[in-house]
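*Asks:* Need a 3D model of the sequence below.
(one chain, ligands or ions: 3)
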Amino acid sequence: MTETFVITGTDTGVGKTVFAAALTNALGSYYWKPVQSGLDDGTDSQTVCRLADAPSERIVAEAYKLSTPASPHLSSRIDGTSIDPRRLVPPNVDGPLVIEGAGGLLVPLSERTVFADVFAEWQIPVILCTRTTLGTINHTLLSIEAMRHRAIPILGVAFIGDENLETESIISTLGGVRSLGRLPLLRSLTATRLRRVFHDNFDLTAFAGARP
Ligand SMILES: Nc1ncnc2c1ncn2[C@@H]1O[C@H](COP(=O)(O)OP(=O)(O)OP(=O)(O)O)[C@@H](O)[C@H]1O
Ligand SMILES: C[C@H](N)[C@H](N)CCCCCC(=O)O
Ligand SMILES: [Mg+2]
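*Replies:* Numbers count the residues shown, from 1 in each chain. Ligands and ions are numbered 1, 2, ... in the order given. Just a heads-up that it's a prediction; the model follows:
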């Protein structure tokens, strides 16, 4: 499979969905959130559809939609189901595809499987979304170590937040990864603003060949 990216993060709430929306718009790609846990505040797919200004046909249905905003292993238990990783197969689509995990790499899907196990199986380049605030160096380097341990291909790191050049630099140096760019925190989060800011802060050639 080509022109497909997995988006993970150092934590839940780092801004994966907002970054995914920006990338989905920039690439004119499809978007897939395999496991959505928590439905009451809207789903990540709905957010991406709105912020990417994407046609709904480009939003692929989730494999699992779980009602409780918790770790998927627990959300699925609460819903009386269980997540079968064999159902987490990236869809065949006629264009680029952006896939978003839930939380970070070691978030459990069950008592046996974490997201990183599925990513290792897929062998799709991963973009690690990470904060720029204090504490992120440790979280980011740990996440990189976890990916290397499982031989997961890493495209690079997408920083989210205020500029912090030393932090970005030491992560690239010690982690041996490239910085793809930095998405600032936007006071007004609209599709138009997000599109502009993404184009100003990311070089699309880093997402090699992914432009339709
Ligand atoms: N660049 C940004 N500018 C402004 N607000 C942002 C930005 N990135 C994220 N946010 C806000 O931070 C919150 C968390 O972001 P987001 O939902 O993208 O996190 P996530 O990493 O996708 O979390 P999850 O693990 O639940 O999928 C949301 O309210 C979102 O609107
Ligand atoms: C509910 C949340 N927004 C995500 N969908 C799931 C985050 C799981 C995090 C689990 C953990 O690392 O403790
Ligand atoms: Mg999200």
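*Asks:* Tell me, how many residues neighbour residue 41?
*Replies:* 8 (other CB atoms under 10 Å). For the C-beta atoms, the positions are set from N, CA and C on the backbone; glycine is no exception.
*Asks:* now swap in residue 71 and tell me
*Replies:* Neighbours around residue 71, by other CB under 10 Å: 18.
*Asks:* wait, it sits on residue 108?
*Replies:* Yes. Between residue 71 and residue 108 a contact is recorded at 5.8 Å, counting by CB atoms under 8 Å.
*Asks:* Run through the bridge partners of the nearest residue in space to residue 102 that is not next to it in sequence.
*Replies:* The shortest distance from residue 102 to any non-neighbouring residue, by CB to CB, 6 or more residues apart in numbering, is to residue 35 (5.3 Å). For residue 35, the beta-bridge partners are residue 64 (DSSP bridges).
*Asks:* for the residue in the chain that ligand 2 sits nearest to, helix, strand, or coil?
*Replies:* In the chain, the residue that lies nearest ligand 2 is residue 103 (3.3 Å; CB to the nearest ligand atom). Per DSSP: H, G, I helix; E, B strand; the rest coil, the local secondary structure of residue 103 is strand.
*Asks:* Need the three-state assignment for residue 91.
*Replies:* coil.
*Asks:* phi, psi of it?
*Replies:* For residue 91, the backbone dihedrals (degrees, to the nearest 10) come out as phi -70, psi 150.
*Asks:* tally of neighbours for it?
*Replies:* 14.
*Asks:* now the residue nearest to residue 102: how far from residue 27?
*Replies:* The gap separating residue 35 from residue 27 is 22 Å, by CB to CB, to the nearest Å.
*Asks:* More neighbours: which of the two?
*Replies:* A count of neighbours by other CB under 10 Å puts residue 35 above the other of residue 35 and residue 27, at 24 against 21.
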